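K.L.:
curious how this folds, go ahead:
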Amino acid sequence: MSDTPFPDEWLLHSLEGVITAERVAELRAKGGPYRTLWETLVAEKIASNEQILAALSTRFRLKIADVHQMKPEVKLKVPEQLARRFRVLPLVVTDSYLEVATANPFDLDAEKALAFATAREIRMLLLDPARIAEKLDELYRPDKALDKLLEGMGSSADVVQLADQRPEELTVSAEQASQRPVVRLVDLIISEGILSRASDIHIEPEEGGVAVRYRIDGVLRQVMKIPRAAGIPLISRIKIMSSLDIADRLRPQDGRARVAVNGQPIDLRVSTLPASLGEKVVVRVLDSRATVKSLDGLGLNPDEIQGIKRLLEFREGIILVTGPTGSGKTTTLYSCINQIKSEGVNIVTVEDPVEYRMQGIVQVQVQEKAGLTFAAALRSILRQDPNVVLVGEIRDRETAQIAVQASLTGHLVLSTLHTNDAANAVTRLVDIGVEAYKIAAALRGVVAQRLMRRLCPTCKEVWMEAPPERLRRWVPTGTPLYRAAGCPDCAMTGYRGRFSILEVLTVTPEVERTVAAGETADRIAEAARRAGMRGLWESGLSHVLRGESTVDELMRVVDIPQDDAAAPAPPVVAQAARRSGGFAPPRLAPPAESIGVAGPLVEHFELLEEPPLPRRSGPHGEIARKVLLVDDEDSLRKVMKELLERDGYAVAEARDGVQALDQIDRVGPDIIVLDLNLPGLDGYGVLSHLRSRPATSAIPVIVLTAKGDEDNEVRVFELGADDFLTKPFRARALSARLEAVLGRRR
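P.N.:
Model (predicted):
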């Protein structure tokens with residue numbers, strides 16, 4: 001019998017209602033193969049890993065680790081012996097910090113040893129012990145981890161047999177194929193990819209195995225790495241599904257497959273490419289029953305929506321949508337079709353493939369093997385008396401010339417091109433072989449498009465650091481920016497979903513003359529900007545300033561302008577843009593002489609968000625001072641508010657850090673009483689943000705916290721706090737501290 005305490009019995013206080021101290025004593029006396037209370041609770045089925053993680057995350061406001069973010073290079077910085085000794089999983093290492101996953105975030109010995117070994121700040125995330133052990137094998141002993149993966153799929157003999165008899169797989173029956181472990185693995189990879197909202201599934205041979213990656217919200221994430229012995233048959237199975245030749249591994253192949261996940265039919269477009277270590281396979285996921293969005297549902301700026309709607313009012317001409325593969329061009333085209341669709345309009349599309357199914361329009365699927373190309377289909381469609389024609393893509397001279405001719409004979413033609421911006425669509429058509437004067441007569445507008453990831457609304461945080469020097473001219477002073485934090489809702493990425501950013505080029509008479517003269521793309525873009533066109537950078541920047549995405553995401557999608565073609569908006573214009581939901585066009589301030597004031601004075605005028613709130617009188621007839629109480633405990637906040645109002649203060653409240661920053665800008669308090677332990681953005685972050693902004697740097701702050709240790713007190717004073725009060729406190733003490741800080745003691 002053993003009565004040695006578990007090293008992690010501190011868990012007991014976080015699992016109230018799940019296990020009692022008496023039950024822990026029984027488990028301790030019982031003994032067993034598990035050395036921690038966490039592992040014992042899971043083994044005895046008293047609590048699950050998810051329950052324990054959720055309880056710890058809620059109680060201590062710690063994030064749960066995302067093992068998919070683990071970088072292979074961390075093993076070069078953290079020795080295996082050290083990681084296994086303290087049972088921590090290294091995840092991410094930078095020049096300044098190391099992120100590790102642990103089941104004991106309060107192990108000071110582990111934190112000190114890791115900090116000493118790596119010379120970096122240690123950041124602790126939560127993860128269950130079993131997952132840590134599994135991922136440690138995957139990180140430091142990949143062969144051992146991959147063997148475990150195959151054990152779950154079936155015997156190793158089955159996998160070897162599949163690899164040895166690949167040419168015979170074409171004759172295998174469906175019943176036999178369904179029993180193979182590799183087939184089950186293929187089904188798992190495809191179904192998980194579809195349920196994870198992946199647009200593409202990449203299967204890539206590399207040293208030591210085959211990597212599987214999902215493209216979710218435009219970014220690739222590696223989800224597994226399987227042994228090479230299973231990877232080669234896996235690729236063969238996908239080729240069988242898409243009717244490709246599995247014996248031919250030396251030429252690229254393209255195929256199609258159709259599957260159903262939870263009863264939902266999904267089309268797959270499969271492409272193979274011979275590489276040095278084997279064939280790479282990319283599976284494009286096409287949900288043919290996906291809902292067609294309206295223009296208002298694409299997340300566009302209001303001025304961009306109006307620009308597209310004005311283009312769609314034309315009854316003839318060409319409207320092009322440009323951008324790289326996967327930038328949402330087809331979705332935008334169908335949103336345009338949805339805008340103009342009506343009973344009296346005959347709409348016909350020719351596509352490869354048909355990605356969306358729409359009622360009330362005729363959709364033609366290209367079949368090149370049968371001779372039904374874009375050009376052939378378009379030529380036949382024009383004999384079907386259409387009003388609007390949608391061409392999936394202009395790929396060659398014949399298709400381009402027929403589309404231009406159709407637009408000149410009274411049809412509205414919508415199509416896509418692969419170009420980097422709107423102006424280059426004209427030069428692309430010229431390169432294909434269309435005469436410049438015909439383009440000038442036919443073209444009505446071009447929409448260049450990209451997709452940006454949207455910040456997860458659950459976990460986005462205010463970005464406390466100043467933007468890089470080269471970006472500061474684009475961000476008005478005092479504008480709150482946000483950063484991606486990561487939570488279970490967004491798979492710890494900080495982003496969930498995407499929206500479109502656009503560059504809308506409308507063909508004005510000046511632009512038409514420039515195109516007809518055969519000018520370069522730069523000259524066409526200059527003419528369009530004079531007519532009001534804004535670039536992709538400005539479109540994305542407006543979303544960043546409204547807190548919908550991050551500066552990092554904007555820089556990932558769009559290059560920073562290198563010239564003065566798109567100058568930053570002055571603070572007044574930027575504020576007006578944030579209120580109107582769009583990005584105001586850059587404009588210069590009027591000359592000082594024209595308004596009769598000195599030049600420097602003009603630069604300091606700003607529009608107020610709203611008039612200040614009226615203040616009531618205090619007990620001695622003076623104007624009441626405004627206090628902002630920031631605390632997530634509603635009962636304590638209520639008591640403090642009643643106390644301070646009785647003493648003559650005007651009191652505003654906030655229950656978390658983000659709400660506090662909003663209230664500070666709205667109310668303009670004279671003093672802030674700030675709790676440190678807040679959900680989302682904590683008190684340290686709020687204090688740092690206040691001291692980094694000129695407008696709020698002088699507001700006095702009294703920190704109110706249960707953490708009364710010396711180190712914590714020193715830290716808050718270093719961040720700029722004016723006073724420090726520990727919980728619990730007496731009512732008179734709080735009033736005295738306020739009066740002392742404000743200089744109201746009489």
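K.L.:
in the stretch 201-350 of the chain, where is pLDDT below threshold?
P.N.:
Low-confidence segments of the stretch 201-350 of the chain (pLDDT under 70): 229-230, 287-292, 343.
K.L.:
one more: the stretch 451-600 of the chain?
P.N.:
464, 563-600.
K.L.:
can you give me the helices for it?
P.N.:
Counting by DSSP state H, counting those that start in this stretch, the stretch 451-600 of the chain has helices at residues 509-516, 521-530, 536-545, 551-557, 571-580, 592-595, 599-602.
K.L.:
and the first one, what's buried?
P.N.:
Yep, that's helix 509-516 we're talking about. For helix 509-516, a neighbour-count test (16 or more other Cβ atoms under 10 Å) marks V511, E512, T514, V515 as buried. Where C-beta positions appear, they are placed from N, C-alpha and C, glycine not excepted.
K.L.:
with distance to A442 added, can I get those in JSON lines?
P.N.:
Compiled in JSON lines, the buried residues of helix 509-516 are given as follows (distance: Cβ to Cβ, whole Å):
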{"residue": "V511", "distance to A442": "13"}
{"residue": "E512", "distance to A442": "10"}
{"residue": "T514", "distance to A442": "15"}
{"residue": "V515", "distance to A442": "10"}
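K.L.:
the stretch 251-400 of the chain: strands as residue ranges?
P.N.:
253-261, 264-275, 278-286, 317-322, 347-351, 362-365, 388-391 (DSSP state E, counting those that start in this stretch).
K.L.:
with distance to W537 and mean neighbour count added, can I get these in CSV?
P.N.:
Supplementary listing: the strands of the stretch 251-400 of the chain in CSV, determined by distance: least, Cβ to Cβ, whole Å; neighbours: other Cβ atoms under 10 Å:
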stretch, distance to W537, mean neighbour count
strand 253-261, 35, 15
strand 264-275, 32, 16
strand 278-286, 29, 20
strand 317-322, 16, 24
strand 347-351, 31, 22
strand 362-365, 35, 16
strand 388-391, 29, 25
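K.L.:
to L408, which of these lies closest?
P.N.:
strand 317-322 (8.4 Å; Cβ to Cβ).
K.L.:
what values do phi and psi take at L244?
P.N.:
phi -100, psi 160 (degrees, to the nearest 10).
K.L.:
that one and S271 touch, don't they?
P.N.:
No. Checked against Cβ atoms under 8 Å, the pair L244 and S271 is beyond contact range at 9.7 Å.
K.L.:
which residues are in contact with each of these two?
P.N.:
Residues touching both L244 and S271 (Cβ atoms under 8 Å, 6 or more residues apart in numbering) are Q253.
K.L.:
so which of the strands of the stretch 251-400 of the chain is nearest T416?
P.N.:
Proximity to T416 (Cβ to Cβ) singles out strand 317-322 among the strands of the stretch 251-400 of the chain, at 5.0 Å.
K.L.:
which residue is nearest the centroid of the protein?
P.N.:
Nearest to the geometric centre of the chain sits Y495, at 2.6 Å (Cα atoms, centre = their mean).
K.L.:
doesn't Q222 fall inside a helix?
P.N.:
No. Q222 is assigned strand when assessed by DSSP: H, G, I helix; E, B strand; the rest coil, not a helix.
K.L.:
quick check: beta-bridge partners of it?
P.N.:
Going by DSSP bridges, Q222 is paired in beta bridges with R213.
K.L.:
contacting residues for it?
P.N.:
With contact taken as Cβ under 8 Å, 6+ apart, Q222 is in contact with H68, A211, V212, R213.
K.L.:
buried subset of the residues you listed, written for PyMOL?
P.N.:
To isolate in PyMOL the members of those that are buried, counting by 16+ other Cβ under 10 Å, one can use:
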select buried, resi 211+212+213
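K.L.:
which two of the contacts of Q222 have the greatest separation?
P.N.:
Across the contacts of Q222 (Cβ to Cβ), the longest gap, 12.3 Å, separates H68 and A211.
K.L.:
for Y437, find the nearest of the strands of the stretch 251-400 of the chain.
P.N.:
Among the strands of the stretch 251-400 of the chain, if distance is taken as Cβ to Cβ, the winner is strand 317-322, at 14.1 Å.
K.L.:
partner strands of the closest one and their direction?
P.N.:
According to DSSP bridges, strand 317-322 forms sheet pairs with strand 412-417 (parallel), strand 443-455 (parallel).
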